[in-house]
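K.L.:
Okay, structure incoming, though there's no sequence with it:
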């Protein structure tokens, strides 16, 4: 049975981290809310009182009777099924830990343009966003990207001349997520991210390797890949790019 | 061998969710940074280049050769060992999902007093905090607490007259975390939280049940429990309580 991904149909957002994993593995899946009637189906998980374990938010994955919420948990669940995580328990936990750090990073990326509240428009919190963006560009973005670079440097399986990986010697879902982060930062903060990425060559090498992955390249060229836009997590407001 | 918890020594913070689990189970553990020389030991995980898999931040748990970062992942790892999660995989995943939602909630609680950046003082972001607090009190706090109430209502194992649980029929680490959230909200937002908690009787019943838990009651009365203060996640600034 096909996996069902439930997520907002018009943005990459958090759902994109799951889409990339499903696409890289060539998995059979339905992006439910992008199908006719799909939004209603997604929302029934919140409105229907017979759902015993309603996820707090989307994305969530439906796999038969299983309903699993939270991006990082969905990937932890799918990883072994899609062949996108190592076999050892220690590797699975470490991969999950990296994804959870990615989750934290994404919250901070989002809050650059929404420092006051998610229910307000960006236009209602521009002065606050300007201040938050400054701290994000000068401290938070470099700190996260340096950490990714460090763990790439310290992964003993990485060798000069071939694509590096965050965990072990093969592609895992966190490599795909790091690709998405680089894509998003380049879109949202082209100037500020260029300065930091210059100093993180291994992060860039992961990005390049994922972009060349056959299934991912096909996905990125397809209309299944939603373009970045100003409703998503990564938004390009030039004033926030310094 | 005793578990080693590595976390800031002077605040409850995120480490408290792990402390509560270790205490409830009567586990043998060392709160490393509160011991002489412990801060240096904790920081060596970031400064020592021979650490192959450095956690991004604390809390992290050291269990023999294992180093595990992220509150929710530590609890997912410890749950089965401490008898604080159900045996079925579906229950473990659901418990982890609830904890991840708690993590998201905690980020929002923290950002009420730090909407612009973690590196600035609260005093440097008071106008922004006032705006963010309003959205938190009127929308976010009620939304999270209502979700907890809903899943308590829908847990078929809960029966009138006995302590309810978030998952299955016995205490799990997310019940302890929900206790901590109620404690923290009551400390930080006594007026605003009282209004919401009036409408979530099952959440209050979990809080009361955990407070009466023998090991937890002993812990709360001990000097191992750090008092709430204005360096932690939950901070009482009367102007943010509406």
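P.N.:
It's in. This one's a predicted model, so the numbers in the text were calculated from it and none came from an experiment.

K.L.:
Spit out the contact partners of residue A:110.
P.N.:
Each residue near residue A:110 by C-beta atoms under 8 Å, 6 or more residues apart in numbering or on different chains is listed here: residue A:233. C-betas here are computed from N, CA, C, even on glycine.

K.L.:
Next, the angle helix B:89-113 makes with the helix or strand harbouring it.
P.N.:
Assessed by DSSP states H and E, residue A:110 sits inside helix A:89-113. Orientation of helix A:89-113 against helix B:89-113 (axes from the mean of the first three to the mean of the last three C-alpha atoms, to 10 degrees) gives an angle of 30 degrees.

K.L.:
Which residues does the very next helix or strand once past helix A:89-113 contact?
P.N.:
For helix A:89-113, the following helix or strand on the C-terminal side (DSSP H and E) is helix A:126-135. The contact list for helix A:126-135 (C-beta under 8 Å, 6+ apart) reads A:111-116, A:122, A:237, A:239-242, B:115-120, B:125, B:128, B:131.

K.L.:
try stretch A:155-169
P.N.:
With C-beta under 8 Å, 6+ apart, stretch A:155-169 has contacts from A:85-86, A:91, A:94-95, A:98, A:148, A:151-152, A:171-172, A:174-175, A:178, A:202, A:205-206, A:208-209, B:52.

K.L.:
how about a cut-off of 6 Å?
P.N.:
A:86, A:91, A:94-95, A:98, A:152, A:174-175, A:202, A:205-206, A:209 (C-beta atoms under 6 Å, 6 or more residues apart in numbering or on different chains).

K.L.:
if we look at chain B, which of those residues are close to it?
P.N.:
residue A:94 (C-beta under 6 Å from any C-beta of the partner chain).

K.L.:
For chain A, what lies in contact range of chain B?
P.N.:
Counting by C-beta under 6 Å from any C-beta, chain A sits next to chain B at A:52-53, A:56, A:69-70, A:73, A:94, A:96-97, A:100-101, A:107, A:115-117, A:119, A:128, A:131-132, A:135, A:139, A:147, A:154.

K.L.:
For residue A:79, grab the count of nearby residues.
P.N.:
22 (other C-beta atoms under 10 Å in any protein chain shown).

K.L.:
and it, what does it touch?
P.N.:
Applying C-beta under 6 Å, 6+ apart, the residues contacting residue A:79 are A:85, A:173.

K.L.:
Could you tell me how far it is located from residue A:177?
P.N.:
11 Å (C-beta to C-beta, to the nearest Å).

K.L.:
Identify the residue spatially nearest to residue A:140, adjacent ones excluded.
P.N.:
Excluding its sequence neighbours, the residue lying closest to residue A:140 (C-beta to C-beta, 6 or more residues apart in numbering or on different chains) is residue A:108, at 5.4 Å.

K.L.:
Tell me the buried residues in the helix or strand of chain A with the lowest mean pLDDT?
P.N.:
Ranking every helix and strand in chain A by mean pLDDT, DSSP states H and E puts helix A:126-135 at the bottom, with a mean of 93. Going by neighbour count (16 or more other C-beta atoms under 10 Å in any protein chain shown), the buried part of helix A:126-135 is A:128-135.

K.L.:
Could you give the separation of it from the chain centroid?
P.N.:
Relative to its chain's centre, helix A:126-135 lies at 23 Å (C-alpha atoms, centre = their mean, to the nearest Å).

K.L.:
between that helix and helix B:89-113, how big is the angle?
P.N.:
110 degrees.

K.L.:
who does the helix or strand following helix A:126-135 touch, helix- and strand-wise?
P.N.:
Next in sequence after helix A:126-135, counting helices and strands by DSSP H and E, comes helix A:141-154. Helix A:141-154 is packed against helix A:190-197, helix A:201-212, with contacts defined by 3 or more C-beta pairs under 6 Å, 6 or more residues apart in numbering or on different chains; DSSP states H and E.

K.L.:
Could you say which one of the ones you listed comes nearest to residue A:33?
P.N.:
Closest to residue A:33 of the helices and strands packed on helix A:141-154 is helix A:201-212 (C-beta to C-beta; 25.1 Å).
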